[in-house]
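*Asks:* give the three-dimensional model of this entry:
(4 chains)
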There are 2 protein chains.
Amino acid sequence: MSSPCSRHPHPHRLIQQPLTELTEKLRSKSRKITAPRQAILEVLRRHQHPITNKEIHAALGTADCDLATVYRNLHTLEDMGMVRRFDFGDGVARFELLEEGDDGHHHHLVCTGCSAVVEVEGCFPTELEQTLARRHGFTRVTHKLEFFGLCPKCAPVGPASP
Amino acid sequence: MSSPCSRHPHPHRLIQQPLTELTEKLRSKSRKITAPRQAILEVLRRHQHPITNKEIHAALGTADCDLATVYRNLHTLEDMGMVRRFDFGDGVARFELLEEGDDGHHHHLVCTGCSAVVEVEGCFPTELEQTLARRHGFTRVTHKLEFFGLCPKCAPVGPASP
DNA sequence: CCATGGATGCAATCGATTTGCATCCATAAA
DNA sequence: TTTATGGATGCAAATCGATTGCATCCATGG
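*Replies:* Model (predicted):
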């Protein structure tokens, strides 16, 4: 759950956006500013890595609401472009709050041992994507990319590893 | 389900491996050569793109067996390194039979409209992967990468699209 | 203050996948 | 060929993440 690395600068991911700005965005699209919704946004603001619906629900504390409400709100926020959904391949959706104007496109390096997550700066060649699109006549091509490995803490003991 | 493109050569994916060779591999690891297992391998041999458990089950025809058996066998085959699991992000696992010695690492371009699949030749820079590993102290780093877009058939009508 | 449509709680449902268990059978050994 | 035996299968129940129907609630505009 926590970053295994504190020696290197990582990309943004600390949401500076004040809650009021977020709720304002909701208001502008005629979405109601409800207690559960604010609480969920607060939880998202506090987390710099993708978190699951269940984790969000657990982190609500006092402002507890139904788990279904969490699911519904994350769909709403996703539709509004306020959060981005990530898939770490374990069958559970994870979300990150987005900064204003950020489409959230980036990737992660996930530890298969302890689930530690590192945000990966930059993306890989968009050219390849466009080449692909052209070659196969596809349009609106995007991609999903996540890295997996063993973090220092979970590294196998003994001799050097591959 | 079918490739939208027949103008360009696509990477392998036509399993030449005879069934006997496959069953031999099973035998060598003291796995039993059962009817369901052979039938499942036959289905996999016939498909050049990743297919789901359900699709495999449906394609069994005469050699029908329980869906749970299909699930169990795909786990077994995956553990033995005979098939590779792919995740297109729709919550359904897909599998491809692997050639002898092939680790199956490659990617796909999937149509979000009709689910047509194109196998993507080559992989993207392994350097980036190693840089990442080094930078964050991770070991055994791999990645999952899939492309998504709209195939020619599903392309939106009208003016040029982005 | 009122009306109203979006939001929520709760329970039921869904789809993919897994699992417990009794039975079956492929395979190696006698 | 017969036997014993551990893996494999069928069937049903159970998990798990996620969705949804519905009655009620309440944030918001008028």
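*Asks:* what about the strands in chain A?
*Replies:* Per DSSP state E, chain A carries strands over the ranges A:51-52, A:83-87, A:93-97, A:107-111, A:117-120, A:139-150.
*Asks:* buried set for the third one?
*Replies:* Neighbour counts over strand A:93-97 (16 or more other C-beta atoms under 10 Å in any protein chain shown) mark A:Ala93, A:Arg94, A:Phe95, A:Glu96, A:Leu97 as buried. C-betas here are computed from N, CA, C, even on glycine.
*Asks:* ok, stretch A:118-130 next?
*Replies:* Buried residues in stretch A:118-130 (16+ other C-beta under 10 Å): A:Val118, A:Glu119, A:Val120, A:Phe124, A:Leu128, A:Glu129.
*Asks:* try stretch A:42-49
*Replies:* A:Glu42, A:Val43, A:Leu44, A:Arg45, A:His47, A:Gln48, A:His49.
*Asks:* what parts of chain A come near chain B?
*Replies:* Residues of chain A that fall close to chain B, judged by C-beta under 8 Å from any C-beta of the partner chain: A:4-5, A:8, A:87, A:89, A:91, A:109, A:111, A:118, A:120, A:124-125, A:128-129, A:132-133, A:135-152, A:155-156, A:161-162.
*Asks:* of those, grab the buried ones for ChimeraX.
*Replies:* A single ChimeraX command selects the buried members of the residues of chain A next to chain B (16+ other C-beta under 10 Å):
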select /A:4,5,87,89,109,111,118,120,124,128,129,132,133,136,137,138,139,141,143,144,145,146,147,148,149,150,151,155
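*Asks:* hmm, back to that, would CSV of the strands of chain A with distance to A:Leu19 be doable?
*Replies:* Converted to CSV, the strands of chain A look like this (distance: least, C-beta to C-beta, whole Å):
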stretch, distance to A:Leu19
strand A:51-52, 17
strand A:83-87, 14
strand A:93-97, 11
strand A:107-111, 25
strand A:117-120, 22
strand A:139-150, 29
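*Asks:* out of those, which comes closest to B:Lys25?
*Replies:* Nearest to B:Lys25, of all the strands of chain A, is strand A:139-150, at 26.6 Å by C-beta to C-beta.
*Asks:* what does chain A have sitting close to DNA strand D?
*Replies:* Residues of chain A lying close to DNA strand D (C-beta under 7 Å from any atom of the strand) are A:27, A:32-35, A:52-54, A:67-68, A:71-72, A:75, A:91-93.
*Asks:* any idea how many residues pack against A:Val117?
*Replies:* A total of 23 residues lie near A:Val117 under the criterion other C-beta atoms under 10 Å in any protein chain shown.
*Asks:* so it touches A:His106, yeah?
*Replies:* No - between A:Val117 and A:His106 there is no contact under C-beta atoms under 8 Å: 11.6 Å.
*Asks:* quick one: the helix-or-strand element of chain A with minimal mean pLDDT to strand A:93-97, angle?
*Replies:* For chain A, counting by mean pLDDT, DSSP states H and E, helix A:19-28 ranks last in confidence among helices and strands (a mean of 85). Per axes from the mean of the first three to the mean of the last three C-alpha atoms, to 10 degrees, the angle that helix A:19-28 makes with strand A:93-97 is 110 degrees.
*Asks:* quick check: buried residues in helix A:19-28?
*Replies:* By 16+ other C-beta under 10 Å, the buried positions in helix A:19-28 come out as A:Leu22, A:Thr23, A:Lys25, A:Leu26.
*Asks:* and stretch A:101-108, by the same measure?
*Replies:* In stretch A:101-108, counting by 16+ other C-beta under 10 Å, buried: A:His106, A:His107, A:His108.
*Asks:* run through chain A and note the low-pLDDT ranges.
*Replies:* Across chain A, residues meeting the criterion (pLDDT under 70) sit at A:1-16, A:125, A:157-162.
*Asks:* please enumerate the helices of it.
*Replies:* A:19-28, A:35-46, A:53-59, A:67-79, A:126-136 (DSSP state H).
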